[in-house]
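>>> just coords:
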């Protein structure tokens, strides 16, 4: 009888450990991979790619242009994966889910302060030999055309500094008099690579590969839909003393009388 009790106790302990381990499968160092056809590959652009390093209580995200270091507030495990929330309101999170556990490939859904969700794929550094490494193309990599050539003269350096002002993830939301909310989530990688996601009272629109245009040193124009009349597909972003503002007809007609609103730069 004692032997049976001991075996049951041992099995229970093993199950408990397994459950605990599964909730911490996100811990480690993860290297970004790209999907090429039916497989995931590491892309060699000649510089360090994006990565995520996670522990039980923190997330260090190493980007191409900038890094971020987050504290994990709490973790939730459900059918959608393991969600690492960096705030109590659960507006910002990293959600981990296996794509191919044997190869160490995972999917990460990343949301900053309620903005649109960015989906990326990573391989655990311990499993990086399980995926191929391919040479990056112009579409995969950031080139001197995107960020300027640091080896060039001071004019090129000024141009790059100017571009760095705009590069980032932006969020804006406002409600009209009927309490219907309009949300703009804007991602600027370069002035030639902008995405605009709009949620207008539940009606969603997504625009990719949008081109931006410098109006002045502190203002850019983004024509995300030139088919709209009266510039209803055009917005402006302006920076003043490191604070950002959004304007244009789509903003004005949310609540006529207010043409310019503060714009949150998340990252």
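Nice, I can see it. Keep in mind that what you see is a predicted model, and the values were worked out from it rather than measured.
>>> the helices in the stretch 51-200 of the chain, which residues?
With DSSP state H, counting those that start in this stretch, the ranges of helices along the stretch 51-200 of the chain come out as 144-147, 154-166.
>>> please name the residues that touch the residue nearest to residue 84 when sequence neighbours are not counted.
Closest residue to residue 84 apart from its sequence neighbours, by C-beta to C-beta, 6 or more residues apart in numbering: residue 94 at 4.5 Å. Where C-beta positions appear, they are placed from N, C-alpha and C, glycine not excepted. Contact analysis of residue 94 by C-beta atoms under 8 Å, 6 or more residues apart in numbering lists 26, 52, 54, 59, 70, 83-84, 86, 108-110.
>>> got a winner among these for most neighbours?
residue 26 (26 neighbours; other C-beta atoms under 10 Å).
>>> where does this structure have low pLDDT?
Low-confidence segments of the chain, defined by pLDDT under 70: 1-22, 64-66, 114-116, 143-164.
>>> in it, which residue is closest to the centre?
Nearest residue to the geometric centre of the chain (C-alpha atoms, centre = their mean): residue 118, 4.1 Å.
>>> I figured residue 58 hits residue 70, correct?
Yes - if you go by C-beta atoms under 8 Å, residue 58 and residue 70 touch, sitting 6.6 Å apart.
>>> quick check, the residue nearest to the centre of the chain in contact with residue 95.
No - contact criterion C-beta under 8 Å: residue 118 and residue 95 do not qualify, at 10.9 Å.
>>> which neighbours do those two share?
In contact with both residue 118 and residue 95: 109-110, using C-beta under 8 Å, 6+ apart.
>>> just give the nearest non-adjacent residue to residue 239, would you?
Nearest one to residue 239, counting by C-beta to C-beta, 6+ apart, is residue 218 at 5.1 Å.
>>> how much space separates the residue nearest to the centre of the chain from residue 61?
Here residue 118 is placed at a distance of 11 Å from residue 61 (C-beta to C-beta, to the nearest Å).
>>> repeat that for residue 241.
Residue 241 is 27 Å from residue 61, by C-beta to C-beta.
>>> so between those two, which is more surrounded?
Comparing residue 241 with residue 61 by other C-beta under 10 Å, the one with more neighbours is residue 61, at 20 against 5.
>>> need the contacts of residue 94 in CSV with distance to residue 247, can you?
Shown next, in CSV, are the contacts of residue 94 (distance: C-beta to C-beta, whole Å):
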residue, distance to residue 247
26, 40
52, 35
54, 39
59, 34
70, 31
83, 35
84, 35
86, 30
108, 34
109, 31
110, 28
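>>> need the contact list for residue 209.
The neighbours of residue 209, taking C-beta under 8 Å, 6+ apart as the test, are 193-195.
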